[in-house]
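**Student:** Provided below are the primary sequence and the corresponding predicted coordinates.
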Amino acid sequence: MKTALALPGTAHAVVGRRRRAWRWLTAGITAVVIGLSVGPVADEAGIDWLSALAVSCVGCGPLAAAVGMATLITSRRIRRTLTVHAWTACTAVAIPPFLGPPRLVLRHPETSTLIPLSVRTVAPRHHLANPEPGGVLWWAGDPRIGGVIAPPGGEHLLWVRPTQSPRARRRDADAAARRGLLNRPIPPQPHLPASEAPDQSEHLDLSYAALSEAAQRMDRSGMDGPLPRREPDPRVVPWWRVRSLREISQVGPATLNAAFAVATLLGWWLWTREVKNYLPLLVGVLSACNAVRLGRPALRAVPVVRALHRAARAPVPVPKRYVALPGFDDRLVLILFPSPGRPEDLPEASLEVNLPGDPRHPGQNMPPPVGTLELRGWLDDTPAVVPWIDGHPLWPRKPYQTVNLDDQRERGPFATLMGRGTPQRADGIP
């Protein structure tokens, strides 16, 4: 593979990004044209709702066109970069930002140079800059001017620039070094054919001692920024008073949109209806539709949250040894072992949980990478268990899963978590 664009998945992603940019640009221009054409006619005909819709088109069209133009410019930069540079697999660490776009630090596999970067993309795509669970991102570009990063596979492209100030670059590099970036193994490179890549999961040591060593090498227990506000104890308060459970239930956005829709429609009916201003009516209807869209997943999530809340209050805890390994997209994977036990014990189960801390600063108050926890809940037909570490619950993202290491397909994810596999899905520091 001479350049990154020679990879079929990357080439397809570039074409798709350019196509989306043109769609936004075309939609914005079309909305403006329709608004300017229909608005005067609707005013003359006295069709108030159509006139309000035309005003909305004229107001929102330029915004959509601006988004399309910005995306088109970024797409051209990405294509130029990928045409010149090849993909390089780098170990990476995400730096939780206090404000602004995500930041991360790459370690070049050949020179061991640390490359601090800032991601330039919209908020819904910020999670793609998270290098977990394998701690690897693909990089193509020049550390001095910027380039492109992607999760392994090269199918989700993000434009990045060097972190602006020398002080911020030094701070990010120091934080990455503290989190073990310099001690991670060099990942397999994209130019190596899959048939030649060794299968590291087959002979992988998955004992408690080996997994503990990997967890301590990738220890993320340090804290960045202020401590989060302590949550109420879920054993003594209803679930809706626990912030983490409210976020899992997704009732907040649905309730907010529903309340805004009711207030807007009520205000239009009481005060604006007589003057025939239909813009608040349009805004209220759109908010109501959005509330319905957000309410459907909330209805499915609330029973799950109630089950977790009941499990967290189970009276008889079961002690387990655990090894905490970073997972994908701000998650933590707890590998569970019998307690007490021996260093050569193999895993008996795994549990994927949310990171502790504030949503803006995930990872604060991280538990130790190795230790003992208490499992509360029930392992019946629909297992619902909640691990407690040092008196704090960690809320699961997925059900409790037993481990069958005789199945080769279940050994592969362990290689990824230990930084020895690929997920399935510069200059020096001044």
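**Tutor:** That came in fine, so what should we check first?
**Student:** okay, CA-based contacts and neighbour counts for the rest of this
**Tutor:** Will do.
**Student:** Is the residue nearest the centre of the chain in a helix, a strand, or coil?
**Tutor:** Nearest to the geometric centre of the chain sits His127, at 2.9 Å (Cα atoms, centre = their mean). State at His127, reduced to three classes by DSSP: H, G, I helix; E, B strand; the rest coil: helix.
**Student:** tell me the pLDDT at it?
**Tutor:** Predicted confidence (pLDDT) for His127: 81.
**Student:** ok, it to Ile95 distance?
**Tutor:** 12 Å (Cα to Cα, to the nearest Å).
**Student:** How about Pro317?
**Tutor:** 35 Å.
**Student:** out of those two, which sits in the more crowded spot?
**Tutor:** Ile95 (21 against 17; other Cα atoms under 10 Å).
**Student:** Phi and psi next, for the more buried one.
**Tutor:** phi -110, psi 110 (degrees, to the nearest 10).
**Student:** now it: how far from Val105?
**Tutor:** Counting by Cα to Cα - Ile95 and Val105 are separated by 7 Å.
**Student:** and for these two, which residues touch both?
**Tutor:** 172, 176 (Cα atoms under 8 Å, 6 or more residues apart in numbering).
**Student:** what does the average pLDDT come to for stretch 20-35?
**Tutor:** 93.
**Student:** how about the CA coordinates for that stretch, as PDB?
**Tutor:** The C-alpha trace of stretch 20-35 is given here as PDB (Å, rounded to 0.1, in the frame of the first residue of the first chain):
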ATOM      1  CA  ARG A  20     -22.400  14.300   2.100                       C
ATOM      2  CA  ALA A  21     -20.700  17.800   1.800                       C
ATOM      3  CA  TRP A  22     -22.400  18.300  -1.600                       C
ATOM      4  CA  ARG A  23     -25.800  17.200  -0.100                       C
ATOM      5  CA  TRP A  24     -25.600  19.800   2.600                       C
ATOM      6  CA  LEU A  25     -24.500  22.500   0.200                       C
ATOM      7  CA  THR A  26     -27.200  21.600  -2.300                       C
ATOM      8  CA  ALA A  27     -29.900  21.400   0.400                       C
ATOM      9  CA  GLY A  28     -28.900  24.800   1.800                       C
ATOM     10  CA  ILE A  29     -29.000  26.500  -1.600                       C
ATOM     11  CA  THR A  30     -32.300  24.800  -2.500                       C
ATOM     12  CA  ALA A  31     -33.900  25.900   0.700                       C
ATOM     13  CA  VAL A  32     -32.900  29.600   0.100                       C
ATOM     14  CA  VAL A  33     -34.200  29.400  -3.500                       C
ATOM     15  CA  ILE A  34     -37.500  27.900  -2.400                       C
ATOM     16  CA  GLY A  35     -37.900  30.400   0.400                       C
END
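**Student:** Show me which residues of that stretch are buried.
**Tutor:** 21-22, 24-35 (16 or more other Cα atoms under 10 Å).
**Student:** Return the member of the residues you listed nearest to Pro368.
**Tutor:** Ala21 (44.4 Å; Cα to Cα).
**Student:** secondary structure element for that closest one?
**Tutor:** helix 8-45 (DSSP states H and E).
**Student:** Gly341 now?
**Tutor:** Gly341 belongs to no helix or strand, assigned by DSSP H and E.
**Student:** Next one: it from Leu379, what distance?
**Tutor:** 21 Å.
**Student:** next one: Val318
**Tutor:** 11 Å.
**Student:** Which neighbouring elements make contact with the helix or strand hosting Cys60?
**Tutor:** Using DSSP H and E, Cys60 falls within helix 48-84. The contact analysis (3 or more Cα pairs under 8 Å, 6 or more residues apart in numbering; DSSP states H and E) places helix 48-84 against helix 8-45, strand 136-142, strand 146-150, helix 279-312.
**Student:** For the stretch 101-250 of the chain, just list every one of the strands.
**Tutor:** 103-107, 114-120, 136-142, 146-150, 158-162 (DSSP state E, counting those that start in this stretch).
**Student:** Tabulate the ones you listed (CSV), appending distance to Leu281, mean pLDDT and mean neighbour count.
**Tutor:** What follows is these, written out as CSV (distance: least, Cα to Cα, whole Å; pLDDT from 0 to 100; neighbours: other Cα atoms under 10 Å):
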stretch, distance to Leu281, mean pLDDT, mean neighbour count
strand 103-107, 41, 91, 26
strand 114-120, 36, 92, 25
strand 136-142, 46, 91, 24
strand 146-150, 42, 92, 24
strand 158-162, 38, 93, 22
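**Student:** which stretch among those strands comes nearest Trp87?
**Tutor:** strand 136-142 (5.1 Å).
**Student:** quick one: that closest one to chain centroid distance?
**Tutor:** 19 Å (Cα atoms, centre = their mean, to the nearest Å).
**Student:** Then stretch 238-257?
**Tutor:** On the basis of Cα atoms, centre = their mean, stretch 238-257 is displaced by 19 Å from the centre of the chain it belongs to.
**Student:** For the remainder of this discussion, apply numbering that starts at 634.
**Tutor:** OK, 634 is where the count begins now, so the last one is stretch 871-890.
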